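# Pasting the sequence and the predicted coordinates here, then a few questions.
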Amino acid sequence: MRSPLFLAVATAAIGAGVFSVPHRTDPRPAPAWANTQWLNAPAPITLASLRGQVVLLNFWVFTCYNCTNTVPSLVDFDHRYRPKGLTIIGVHTPEFPPYAGEHDRANVARALRRYGIEYPNAQDNDNRTWNLYGIRYWPSFVLIDKRGNIRYEGAGEFHVGDANYRMWDMRIRELLSE
Amino acid sequence: MMSGRAGIGCAIALAAAAAACRRDVPAPVTAIITGPQLTFEPSGRGTLVRLIVPDSQEINARIPPAIELSDGSVLRFAAAGVTPDSAYYTEAPVAWLSYPADTLHGLLRAGICNRGELVCRAVKVRL
């Protein structure tokens, strides 16, 4: 028989749920990240510098199957909406300590090439941005409007053309049109 | 439920009968997920450690589970059986501990996913 603590945690798991579709949040200012290590960017990108852009943050790690399965959708969004004012930012947040290799810039760069990722990626090796945004799962998404407010959040794998992809696509277009 | 050390002790006591003993891992400290168990089986001069999860869960094979031992070393798990996309183990990953299980102290880390949930979770369990 499991201990009461086990049961309590199991109950919490059922209650917590995972929002695989973008869910609307009360608009609130997106916290400013301070990552210093970036790939696919000539210099660190700040949230303030993106004012006037719609920003999609993708918290991911290359060892996460659900994350890499979702990359084709993000690459598709990048190609279609970057010219219209969308900036996708990958926030690469390791799951394990450095011994697992997720912190290594060369490994992240290799993953970007492998998956055809051209949008900027921040290395979040200290999990600071992950914690700043209260993220719990890989992959997670935060959609920020042109005024710097968080409008939609969600987590979980999706694929080009599926229902969740279409929901994210619709939300991106909604914020781009504002 | 077996208490931690009692569970390990059971494995040792049953060594002569070549029986393994199962020990429920304490509740995770950072992730909302339950069910992983470690089993210990005497093997040569050491112990074979197996990480087992319920059928409703999968272990991420792209980042093998590990136990960060109290001496600073890292015990890595491995298994030959993985899904065709190399994403998950199809058999329980094992690690070989060079000493008896009852002296095992450390932090177990694993990427464990609930089937169908489509997200990865990090599980950390203090041993």
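That came through, no problem. Since this is a predicted model, take the numbers as computed values, not measurements. Numbering: from 1, shown residues only, chains lettered A, B, ... in the order given.

# who's in contact with A:Pro139?
A:Pro139 makes contacts with A:Asn58, A:Phe59, A:Trp60, A:Cys64, A:Asn66, A:Cys67, A:Thr70, A:Ala155, A:Gly156, A:Glu157, B:Val119, B:Cys120, as judged by CB atoms under 8 Å, 6 or more residues apart in numbering or on different chains. The C-beta positions use only the backbone N, C-alpha and C, and glycine is treated the same way.

# The same query, at a cut-off of 10 Å, please.
A:Pro139 is in contact with A:58-61, A:64, A:66-71, A:74, A:90-91, A:93, A:154-158, B:118-120, counting by CB atoms under 10 Å, 6 or more residues apart in numbering or on different chains.

# Buried by neighbour count, from these: which ones?
Neighbour counting by 16 or more other CB atoms under 10 Å in any protein chain shown classes A:58-61, A:64, A:66-71, A:74, A:90-91, A:93, A:154-158, B:118-120 among those as buried.

# And A:Phe77, how close does it get to B:Glu91?
Going from A:Phe77 to B:Glu91 by CB to CB, to the nearest Å gives 37 Å.

# If you count surrounding residues, which of those two has more?
Using other CB atoms under 10 Å in any protein chain shown, the more surrounded residue of A:Phe77 and B:Glu91 is A:Phe77, with 20 against 12.

# Which helix or which strand is home to that one?
Of the helices and strands defined by DSSP states H and E, A:Phe77 is found in helix A:65-81.

# After that helix, which helix or strand is next?
For helix A:65-81, the following helix or strand on the C-terminal side (DSSP H and E) is strand A:86-92.

# can you map out the helices along chain A?
In chain A, the segments counted as helices under DSSP state H are A:4-16, A:65-81, A:105-115, A:128-132, A:163-176.

# which residues of chain A score low on pLDDT?
Residues of chain A meeting the criterion pLDDT under 70: A:1-20.

# Tell me how many other residues crowd residue 109.
Defaulting to chain A. When counting by other CB under 10 Å, one arrives at 14 neighbours for A:Ala109.

# Switch to chain B, please.
Neighbours of B:Arg109 (other CB under 10 Å): 23.

# Just list whatever residues bridge to it.
Listed by DSSP bridges, the beta-bridge partners for B:Arg109 are B:Ala66, B:Lys124.

# what about it, distance to A:Ile144?
B:Arg109 is 31 Å from A:Ile144, by CB to CB.

# Any idea how many residues pack against the spatially closest residue to B:Asp85 that is not a sequence neighbour?
Take B:Asp85 and drop its neighbours on the chain: the residue closest to it by CB to CB, 6 or more residues apart in numbering or on different chains is A:Tyr65, 7.1 Å away. Burial of A:Tyr65 is recorded as 23 neighbouring residues (other CB under 10 Å).

# so how far is A:Leu39 from A:Tyr65?
Separation of A:Tyr65 from A:Leu39 (CB to CB): 21 Å.

# go on, B:Ala79?
Separation of B:Ala79 from A:Leu39 (CB to CB) stands at 32 Å.

# Return the list of helices and strands in contact with the helix or strand containing B:Ala95.
For B:Ala95, the enclosing helix or strand under DSSP H and E is strand B:94-97. With contacts taken as 3 or more CB pairs under 10 Å, 6 or more residues apart in numbering or on different chains; DSSP states H and E, strand B:94-97 sits against strand B:37-43, strand B:46-52, strand B:66-69, strand B:74-76.

# same thing but at 7 Å, please
Under the contact criterion of 3 or more CB pairs under 7 Å, 6 or more residues apart in numbering or on different chains; DSSP states H and E, strand B:94-97 touches strand B:46-52, strand B:74-76.

# Comparing those, which comes out most buried?
Highest mean neighbour count among these (mean count of other CB atoms under 10 Å in any protein chain shown): strand B:46-52, with a mean of 20.

# Parallel or antiparallel, list what pairs with that strand.
Sheet partners assigned to strand B:46-52 using DSSP bridges are listed as strand B:37-43 (antiparallel), strand B:94-97 (antiparallel).
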